[in-house]
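Visitor: predicted structure and sequence below. I'll ask about it afterward.
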Amino acid sequence: MTFHTADLSDGFPDKTRVPEPLFTNYGGRVRLSGPVATVRVRDDNVLVREALETVPEGTVVVVDGGGSKRCALVGGNLAKTAAERGLGGIVVNGCVRDAHELAALDLGVLALATHPKKSAKNGTGERDVPVLLGGVEIAPGEYLYADADGLLVSPERLL
Ligand SMILES: O=C([O-])CC(=O)C(=O)O
(Lines give C-alpha, C1' and ligand atoms only; values in the text may rest on other atoms or scores of the structure.)
Protein backbone atom coordinates (compact mmCIF):
# COMPACT_ATOMS: atom_id res chain seq x y z
CA MET A 1 0.00 0.00 0.00
CA THR A 2 1.46 3.37 -0.99
CA PHE A 3 0.89 6.26 1.39
CA HIS A 4 2.85 9.21 2.70
CA THR A 5 2.96 10.01 6.39
CA ALA A 6 3.17 13.73 5.56
CA ASP A 7 -0.19 13.47 3.76
CA LEU A 8 -1.70 11.46 6.62
CA SER A 9 -0.48 14.07 9.10
CA ASP A 10 -1.99 16.88 7.00
CA GLY A 11 -5.20 14.99 6.31
CA PHE A 12 -5.86 13.74 9.82
CA PRO A 13 -4.30 16.32 12.17
CA ASP A 14 -6.70 15.50 15.00
CA LYS A 15 -6.21 11.75 14.77
CA THR A 16 -2.47 11.41 14.31
CA ARG A 17 0.27 11.57 16.95
CA VAL A 18 3.91 11.71 15.97
CA PRO A 19 6.61 10.37 18.30
CA GLU A 20 9.94 12.15 18.43
CA PRO A 21 11.93 11.27 15.28
CA LEU A 22 14.36 8.88 16.94
CA PHE A 23 14.04 5.89 14.64
CA THR A 24 16.02 4.53 11.69
CA ASN A 25 14.61 1.92 9.34
CA TYR A 26 17.07 -0.99 9.14
CA GLY A 27 14.69 -3.19 7.14
CA GLY A 28 14.51 -3.56 3.39
CA ARG A 29 11.02 -2.10 3.03
CA VAL A 30 10.47 1.66 3.35
CA ARG A 31 6.82 1.59 4.41
CA LEU A 32 5.21 -0.15 7.32
CA SER A 33 1.64 0.00 8.45
CA GLY A 34 -0.97 -1.93 10.34
CA PRO A 35 -2.67 -2.51 13.67
CA VAL A 36 -0.32 -2.49 16.64
CA ALA A 37 0.54 -5.26 19.09
CA THR A 38 2.85 -4.26 21.92
CA VAL A 39 5.61 -5.78 24.00
CA ARG A 40 7.38 -4.13 26.94
CA VAL A 41 10.73 -5.66 27.87
CA ARG A 42 14.07 -4.70 29.38
CA ASP A 43 17.05 -6.28 27.64
CA ASP A 44 15.21 -9.60 27.23
CA ASN A 45 13.60 -10.70 23.97
CA VAL A 46 11.70 -13.90 24.77
CA LEU A 47 8.34 -12.07 24.65
CA VAL A 48 9.42 -10.30 21.47
CA ARG A 49 9.95 -13.67 19.79
CA GLU A 50 6.62 -14.91 21.15
CA ALA A 51 4.82 -11.89 19.69
CA LEU A 52 6.53 -12.13 16.30
CA GLU A 53 5.62 -15.81 16.09
CA THR A 54 1.97 -15.45 17.08
CA VAL A 55 0.40 -12.07 16.21
CA PRO A 56 -1.90 -12.03 13.16
CA GLU A 57 -0.60 -11.31 9.67
CA GLY A 58 -0.36 -7.57 8.98
CA THR A 59 0.31 -6.63 12.61
CA VAL A 60 3.01 -4.08 13.46
CA VAL A 61 4.84 -5.29 16.59
CA VAL A 62 5.90 -2.33 18.72
CA VAL A 63 8.61 -3.22 21.23
CA ASP A 64 9.16 -0.83 24.11
CA GLY A 65 12.68 -1.69 25.17
CA GLY A 66 12.96 1.40 27.34
CA GLY A 67 15.39 2.91 24.87
CA SER A 68 18.11 0.53 26.04
CA LYS A 69 21.43 0.63 24.18
CA ARG A 70 22.76 -2.36 26.13
CA CYS A 71 21.87 -5.16 23.67
CA ALA A 72 19.80 -6.03 20.58
CA LEU A 73 16.17 -7.13 20.98
CA VAL A 74 15.65 -8.23 17.37
CA GLY A 75 18.08 -9.81 14.92
CA GLY A 76 18.06 -11.46 11.53
CA ASN A 77 16.28 -14.62 12.64
CA LEU A 78 13.39 -12.91 14.37
CA ALA A 79 12.95 -10.38 11.59
CA LYS A 80 12.97 -13.17 9.00
CA THR A 81 10.20 -14.92 10.91
CA ALA A 82 8.21 -11.68 10.91
CA ALA A 83 8.73 -11.19 7.17
CA GLU A 84 7.77 -14.79 6.38
CA ARG A 85 4.61 -14.47 8.47
CA GLY A 86 3.60 -11.33 6.57
CA LEU A 87 3.68 -9.01 9.55
CA GLY A 88 3.23 -5.28 8.97
CA GLY A 89 6.60 -4.41 10.50
CA ILE A 90 8.61 -4.07 13.69
CA VAL A 91 9.32 -0.95 15.73
CA VAL A 92 11.89 -1.23 18.53
CA ASN A 93 12.48 1.43 21.15
CA GLY A 94 15.90 -0.11 21.57
CA CYS A 95 18.47 -1.84 19.36
CA VAL A 96 18.54 -4.45 16.61
CA ARG A 97 21.40 -6.49 15.12
CA ASP A 98 22.33 -8.36 11.93
CA ALA A 99 21.79 -5.15 9.98
CA HIS A 100 22.93 -6.77 6.73
CA GLU A 101 20.21 -9.43 7.10
CA LEU A 102 17.50 -6.92 8.03
CA ALA A 103 18.30 -4.83 4.96
CA ALA A 104 17.66 -7.85 2.73
CA LEU A 105 14.15 -8.51 4.09
CA ASP A 106 10.85 -7.29 2.65
CA LEU A 107 9.97 -5.79 6.03
CA GLY A 108 10.25 -2.42 7.75
CA VAL A 109 12.28 -2.61 10.97
CA LEU A 110 12.54 0.66 12.88
CA ALA A 111 14.96 0.94 15.79
CA LEU A 112 17.08 3.46 17.66
CA ALA A 113 20.43 1.88 16.76
CA THR A 114 22.26 -1.36 16.13
CA HIS A 115 24.12 -3.39 18.74
CA PRO A 116 26.14 -6.61 18.31
CA LYS A 117 25.21 -8.16 21.67
CA LYS A 118 22.22 -10.48 22.10
CA SER A 119 19.65 -9.96 24.84
CA ALA A 120 18.83 -12.06 27.91
CA LYS A 121 16.37 -14.96 27.47
CA ASN A 122 14.54 -15.02 30.79
CA GLY A 123 11.06 -14.19 29.53
CA THR A 124 10.43 -11.14 31.70
CA GLY A 125 8.22 -8.29 30.49
CA GLU A 126 4.63 -7.73 29.40
CA ARG A 127 2.56 -8.03 26.25
CA ASP A 128 -0.50 -6.09 25.07
CA VAL A 129 0.03 -3.09 27.34
CA PRO A 130 0.18 0.60 26.36
CA VAL A 131 3.79 1.58 25.69
CA LEU A 132 5.69 4.86 25.48
CA LEU A 133 7.56 5.52 22.26
CA GLY A 134 9.33 8.79 21.52
CA GLY A 135 7.16 10.58 24.08
CA VAL A 136 3.89 9.21 22.64
CA GLU A 137 1.78 6.52 24.28
CA ILE A 138 0.70 3.76 21.90
CA ALA A 139 -2.03 1.30 22.83
CA PRO A 140 -2.53 -2.16 21.36
CA GLY A 141 -5.02 -2.00 18.48
CA GLU A 142 -4.05 1.49 17.35
CA TYR A 143 -2.72 1.93 13.81
CA LEU A 144 0.87 2.78 12.95
CA TYR A 145 2.11 4.19 9.65
CA ALA A 146 5.76 4.81 8.78
CA ASP A 147 7.72 5.81 5.70
CA ALA A 148 10.89 7.72 4.87
CA ASP A 149 9.54 10.81 6.68
CA GLY A 150 8.93 9.04 9.98
CA LEU A 151 6.11 7.36 11.84
CA LEU A 152 2.74 8.29 13.23
CA VAL A 153 -0.03 6.56 15.11
CA SER A 154 -3.79 6.86 15.01
CA PRO A 155 -6.54 5.40 17.18
CA GLU A 156 -8.24 4.21 13.98
CA ARG A 157 -7.37 2.91 10.54
CA LEU A 158 -6.67 5.81 8.16
CA LEU A 159 -6.40 3.95 4.83
O1 LIG B 1 17.95 -14.30 19.09
C2 LIG B 1 18.13 -13.13 19.36
O3 LIG B 1 18.43 -12.70 20.48
C4 LIG B 1 17.99 -12.12 18.28
C5 LIG B 1 18.74 -12.54 17.11
O6 LIG B 1 19.95 -12.55 17.10
C7 LIG B 1 18.00 -12.95 15.92
O8 LIG B 1 16.80 -12.73 15.86
O9 LIG B 1 18.65 -13.44 14.99
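Guide: Cool, got the structure.

Visitor: Asp44 contacts Gly94, doesn't it?
Guide: No - assessed by Cβ atoms under 8 Å, Asp44 is found out of contact with Gly94, at 10.7 Å. Bear in mind the C-beta positions are built from the backbone N, C-alpha and C, glycine included.

Visitor: so what sits against both of these two?
Guide: Listed contacts common to Asp44 and Gly94 are nil; contacts here mean Cβ atoms under 8 Å, 6 or more residues apart in numbering.

Visitor: more crowded one of those two?
Guide: Between Asp44 and Gly94, Gly94 has the larger neighbour count (other Cβ atoms under 10 Å), namely 27 against 17.

Visitor: now do the SS call for that one.
Guide: strand (DSSP: H, G, I helix; E, B strand; the rest coil).

Visitor: who's in contact with the nearest residue to it once chain neighbours are set aside?
Guide: Ranked by Cβ to Cβ, 6 or more residues apart in numbering and with sequence neighbours excluded, the top spatial neighbour of Gly94 is Gly65, at 2.6 Å. The neighbours of Gly65, taking Cβ under 8 Å, 6+ apart as the test, are 41-43, 73, 92-95.
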